[in-house]
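Engineer: take this sequence and fold it.
(one chain, ligands or ions: 2)
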Amino acid sequence: MNNFTFHVPTDIRFGKGQIECLPKELEKYGKNVLLVYGGGSIKKTGLYDKLIALLADYNIVELPGIEPNPKIDSIRKGTQLCKKHNIDVILAVGGGSCIDASKHIACAAYYVGDAWELVLDRSKMTRALPIAVVLTICATGSEMNSGAVISNEETHEKLEINGDILYPAISICDPEYLYTLPKGQTAAGTVDIISHVFEQYFQPNDEAYLTDRMAESVLKTCFHYGLTALEEPENYEARSNLMWASTIGLNHLLTAGKGGAWSVHPIEHVLSAYYDITHGVGLAILTPAWMRYVLCDRTVDRFAMYAKNVWEINDEDKYKAAALGIEKTEIFFEKLGMPKTLSEVGIDDTKLKEMAGEAVRTSGIAERAYYHLNTEDVLAILEAVK
Ligand code: NZQ
Ligand code: ZN
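Structural biologist: Ligands and ions are numbered 1, 2, ... in the order given. Sure, this is the predicted structure:
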């Protein structure tokens, strides 16, 4: 097992009604709150009104309109608000997009230059405002991790900042807030959780037995409850298990003793940077193609292990078992209603080569991924799903 550090300082408050603790918890930081939210779902669901009533004693400055795949201009706007209103704490209400935007704003609030510079040089990220989260979609794990992914429309880049100062201080995870999610977002979120686990599970280290078994449990949870959440949006058991799976899926627990660069996410991030598609949808299209492309003598044992432990496929021919495991995964994505090709989400073949180059340039995919991928490899994967 590789050495690791595991220190996740986020206070998770999970379950029905946990939002009631917010007024007391925010008091620790001060009275000036930047409320960050998206395109309006929280107003439709009544969560906004609930928060405004709960936080009646606070000075609330609002930053609405955070877009899915948050853009650097929104970060600049939020940074100005923090500086102008002397903000003490940021309250992100939404999913990965609002939380990621809040993380970036939190450190840009202490920076004198342009916020995009922090993405290009993380050493400039020295301090951050505290962040509280009310989670309304389970997918990214951003509620309990130190990463944030921000897009720059001018440069077609979607890049990550990461650092210990970016962990949310507290995250309220109430599965009932997931009831109003559109089917497409429920499905895309489930794919995202699964993909996070794959990225950490499909790594060369075979000695992290415990971490691998935990990863398989999270995968089984997603496969077990994913369709139920679609068909019965108010099924608390399904929603709560998926919500906890999303947090565990990317809070560093499943990478303990393992490590290595991710494979499918860097490719998807380029797709969503160029075409603004939903993150989980891009992952659903790419994942089976990536799996088939990297299946070889060096990787087959792990793919067969995945098939056996997650899908109970016991075929003695390990290539056959691996292929069946991949097929099961693909069928599950299909049942979730995910598209299978880039053309279905409006991506034609004019920029495939350019995007393949960008995926390699902006990540460790060519040197540190499970199966090293150069531009030609990424292009072949994209061609396979065009
Ligand atoms: O904007 P509103 O109106 O709120 O609607 C949102 C949005 O359109 C809607 N929604 C959320 N909760 C809802 C709801 N609609 C009805 N009822 C609810 N309860 O869902 C849409 C998607 O929201 P978003 O926050 O974009 O989804 P998600 O959590 O999937 O976040 C995606 C972003 O996170 C990044 C992705 O790349 C993408 O930019 N990621 C962040 C990661 C991290 N920080 O660790 C890791 C991930 O791999 C990922 O890259
Ligand atoms: Zn993801």
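Engineer: is it true that Glu62 lies in a strand?
Structural biologist: Yes - per DSSP: H, G, I helix; E, B strand; the rest coil, Glu62 lies within a strand segment.
Engineer: what parts of the stretch 151-300 of the chain come near ligand 1?
Structural biologist: Tyr177, Leu178, Thr180, Leu181, Gln185, Gly189, Asp192, Leu250, His265, His279 (C-beta under 6 Å from any ligand atom). In this view, the C-beta of every residue, glycine as well, is placed from N, C-alpha and C.
Engineer: quick check: the farthest pair among these?
Structural biologist: Thr180 and His265 (27.1 Å; C-beta to C-beta).
Engineer: so between the two, which is more surrounded?
Structural biologist: His265 (23 against 17; other C-beta atoms under 10 Å).
Engineer: the helix or strand hosting the more buried one - contacts with which helices or strands?
Structural biologist: Secondary-structure assignment from DSSP states H and E places His265 in helix 264-275. With contacts defined as 3 or more C-beta pairs under 8 Å, 6 or more residues apart in numbering; DSSP states H and E, helix 264-275 has these neighbours: strand 147-152, strand 157-162, helix 183-201, helix 279-294, helix 352-361, helix 375-384.
Engineer: got the contact list for Met277?
Structural biologist: Let me fix one detail, which is that residue 277 is Ile and not Met. Applying C-beta atoms under 8 Å, 6 or more residues apart in numbering to Ile277 gives the contacts Leu271, Val345, Gly346, Ile347.
Engineer: brain fart, Tyr179
Structural biologist: Residues near Tyr179 by C-beta under 8 Å, 6+ apart: Pro233, Glu234, Arg239.
Engineer: kindly report the same for Asp88.
Structural biologist: Tyr29, Gly30, Lys31, Asn32, Val33, Leu129, Pro130.
Engineer: only the buried subset of the residues you listed, as a ChimeraX command please.
Structural biologist: This is how ChimeraX selects the buried members of those, with burial counted by 16 or more other C-beta atoms under 10 Å:
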select :29,32,33,129,130
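Engineer: okay, and which of the contacts of Asp88 map to strands?
Structural biologist: Here DSSP state E is the test, and those give Asn32, Val33 as lying in strands.
Engineer: export the contacts of Asp88 to a markdown table and append columns for distance to Phe332.
Structural biologist: Converted to a markdown table, the contacts of Asp88 look like this (distance: C-beta to C-beta, whole Å):
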| residue | distance to Phe332 |
| --- | --- |
| Tyr29 | 42 |
| Gly30 | 46 |
| Lys31 | 47 |
| Asn32 | 45 |
| Val33 | 40 |
| Leu129 | 40 |
| Pro130 | 38 |
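Engineer: if I've got this straight, Val36 is in a helix?
Structural biologist: No - the assignment for Val36 is strand, going by three-state DSSP, so no helix is present there.
Engineer: in the sheet, which residues pair with it? Tell me.
Structural biologist: Beta-bridge pairing for Val36 (DSSP bridges): Leu63, Ala92.
Engineer: that one contacts Ala101, doesn't it?
Structural biologist: Yes - Val36 is within contact range of Ala101, at 6.0 Å (criterion: C-beta atoms under 8 Å).
Engineer: pull up the overlap in contacts between those two.
Structural biologist: Taking C-beta under 8 Å, 6+ apart as the criterion, Val36 and Ala101 both touch Leu63, Ile66, Gly78, Ala92.
Engineer: compare the residues you listed and tell me which has the most neighbours.
Structural biologist: Ala92 (32 neighbours).
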